[in-house]
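In: With the input below, show me the fold.
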Amino acid sequence: MASPRRRSLLLALTAVISACAAEVVSVPGDSSAPRDAAEVGHDVPQDAGVDVPTVMDVPLDRPDVVAVDVPADRGVDVTPVDVAPIDGGSSLACLTGGTPPSLTCARALCGNGRIDSCQRCMPCFGGGPGGGPPPPRDAGVCCTDEPEPCDGDALGGATCESLGYAGGTLRCGDWCGRDTRGCNACAISAHTRQCIRAELAGVAPGALALASNGAEIGVAWVSDDGHAVHFARYSPALVKLSERNCLGVGDARGVALAAVDGGWLLAVGSELGTRTVPLGPDGSNRGAGALLPLGAMPMLAERPSGGPLLVATRYEDSRGGVVLAAVLRADGTQASAEQELITDEVEAGYGSAAWVGDGWLVASRGGRGAGGDLGVLVARVEPDGRAGAPVQPVGAQTEYPQLGLAEGAVWLTYASFGVASPGIARARLDTRGRAMPGSVDLGHIPSYFNPSPVVGVGTDSLILLGTYTGSTGHGRRLEVSRIDAAGRTVVDPYAITTGPEFARGYRLVRHGRDAVVGWIGSGFPGRVGLAVVSP
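Out: Numbers count the residues shown, from 1 in each chain. As a prediction, the model looks like this:
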């Protein structure tokens, strides 16, 4: 029986979410529509009133920089210091304290409208001067004589296009680093049909979900430290059709979205369970939904007809807990009893669920077993909600499973760290979750080691790859590759995003003949990016 405090919280949360679901307000206008005919689908409106730089020009491939612990989901905190400029060619000096790290030139140089060279310093973690042995970790900072990337109107010949973006306007920030917020959200690619940085409500989105009903694209996101949930509809050209906001939700832990008969179904996780919110075709509220005691970090796996499967995690500790599942009706109410699928999950939020033709498969990483780490586990759920015991299709020391259905095959992408060259692989499963012959390597660290969403394209698989950053779920660059049933590369990986900006919370869904990619950009305010790509 629930405690009095839990019952009161439950009633309060039910009242708050029901009220805000009934009071959602459509946001008029089409702020995300392309405005430049020469760049249809690629124009990026500026973040009006935002003074904090979203992207710093940080050379992330330099060994003396990547060793520094930089949060992957925000810009680098840069503090200018007064250090004298150095004349002459490039030089390296390891100082022994007293000089604070800085990625910028002195204030006297930054802002004079010229691109000057000066010492730019980072903590010493690499080799010593002249290629000698590395200094001790407490040896101070390593400084190099480098030019400013830009200063005022002086951009050094750089443009958005020269940095790999598909267009836009490059500016110089007042920290004398390149400000790429005016550049297009996507990289140059012949496969990208449309791409935008979406103008959406809320600050610093922390979770993202995508769905397609074949005619429109649905986007749901959580913002404001989990206190607000939003829903928007887009046309295939990424023109925003409507946006609705549901404020005052509380501590939202994950969001999921599905296209269902009669509209859309939104699921929001919290410490009390998962709240379902049924929406009409236009995103308006069409019912009360339900508060289900199935845990947080929800996933919704659609099927061709009927309600989706809800999968959520009941937390046992900070790493994970028990994976639960139940079949839902299109109105968000529960159609089957919840089933325990995986009883010792770790890394909640990095699993996957997919309809495989005659039932669902659910994949997540199992924790401790009789033989140690269980790796990726896959459980089958029948259309009536009955569940079977999980199987271990790709061995131990595997993680980040992502499932997708193609014609005649179920594809699983996963990360393997128990091999000589850790990286991402793709395996073929049967509809019971058991492995079939023919795993294919997709790349190794430092290329890929992140969750890699996969969807079917005929008998092929289209895979969204996040290049490795060292931080789980953060891609330095998003790439898409197409692999045929025999494991041959049909389309080489092509970039969706580029530049120093990270992408997190990225998603991939089919939309007719195309696919839709969504992600949350690093920095503040953490804009949502959307792209329509041709497989």
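
In: Return the helix or strand in the chain with minimum mean pLDDT.
Out: When the helices and strands of the chain are scored by mean pLDDT, DSSP states H and E, helix 63-66 comes last with a mean of 24.

In: Pull out the buried positions in stretch 424-436.
Out: 424-429, 433, 435 (16 or more other Cβ atoms under 10 Å). Using the backbone N, CA and C atoms, a C-beta is placed for each residue, glycine as well.

In: no no, stretch 192-211
Out: Across stretch 192-211, burial judged by 16+ other Cβ under 10 Å covers 192-202, 204-211.

In: how long is that stretch from one end to the other?
Out: End-to-end distance for stretch 192-211, by Cα to Cα, to the nearest Å: 19 Å.

In: Run the chain-centre distance for that stretch.
Out: 10 Å (Cα atoms, centre = their mean, to the nearest Å).

In: what mean pLDDT would you report for it?
Out: Stretch 192-211 carries an average pLDDT of 88.

In: if we can go back for a sec, so which of the buried residues of stretch 424-436 are in strands?
Out: Residues from the buried residues of stretch 424-436 lying in strands, with DSSP state E as the criterion: 424-429, 435.

In: domain parsing for the protein?
Out: Following the TED database, one gets these domains for the chain: 139-184, 188-533.

In: now those in CSV, with distance to residue 109?
Out: Output for the domains of the chain, formatted as CSV (distance: least, Cβ to Cβ, whole Å):
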stretch, distance to residue 109
domain 139-184, 7
domain 188-533, 22
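
In: lowest-confidence stretch among those domains?
Out: If you rank those by mean pLDDT, domain 139-184 sits at the bottom with a mean of 83.

In: If you tally nearby residues, what's the number for the nearest residue to residue 406 once chain neighbours are set aside?
Out: Computed as Cβ to Cβ, 6 or more residues apart in numbering, the closest residue to residue 406 that is not its neighbour in sequence is residue 456, at 2.8 Å. Applying other Cβ atoms under 10 Å, we find 19 residues neighbouring residue 456.

In: now do the one 10 residues further on
Out: Burial of residue 466, expressed as a neighbour count using other Cβ under 10 Å, amounts to 28.

In: Sticking with it, tell me its helix or strand.
Out: Applying DSSP states H and E as the criterion places residue 466 in strand 460-466.

In: Which residue is the nearest non-sequential neighbour of residue 391?
Out: Leaving out its chain neighbours, the residue that sits closest to residue 391 by Cβ to Cβ, 6+ apart is residue 433, at 4.9 Å.

In: list the contacts for that neighbour?
Out: By Cβ atoms under 8 Å, 6 or more residues apart in numbering, the contact list for residue 433 reads 361, 363, 378-380, 390-391, 393.

In: Of those, which belong to helices?
Out: Here DSSP state H is the test, and those give no hits in helices at all.

In: bridging residues for the nearest residue to residue 403 once chain neighbours are set aside?
Out: Nearest residue to residue 403, sequence neighbours excluded (Cβ to Cβ, 6+ apart): residue 354, at 4.0 Å. Beta-bridge partners recorded for residue 354 (DSSP bridges): residue 361.

In: Tell me how many other residues crowd residue 354.
Out: Residue 354 has 24 nearby residues by other Cβ under 10 Å.

In: Wait, it touches residue 406, no?
Out: No. Counting by Cβ atoms under 8 Å, residue 354 does not reach residue 406; the two are 10.5 Å apart.

In: hang on, the earlier thing: which one of the contacts of residue 433 sits closest to residue 228?
Out: Among those, residue 363 lies closest to residue 228 (Cβ to Cβ), at 30.0 Å.

In: tell me which element the nearest residue to the closest one once chain neighbours are set aside falls in.
Out: Spatial nearest neighbour of residue 363, excluding adjacent residues (Cβ to Cβ, 6+ apart): residue 401 at 3.7 Å. Secondary-structure assignment from DSSP H and E places residue 401 in strand 398-406.

In: Partner strands of that strand, with direction?
Out: When DSSP bridges is applied, strand 398-406 pairs with strand 409-416 (antiparallel).

In: now the strand it pairs with and strand 423-429, what's the angle there?
Out: Relative orientation of strand 409-416 and strand 423-429, computed by axes from the mean of the first three to the mean of the last three Cα atoms, to 10 degrees: 150 degrees.
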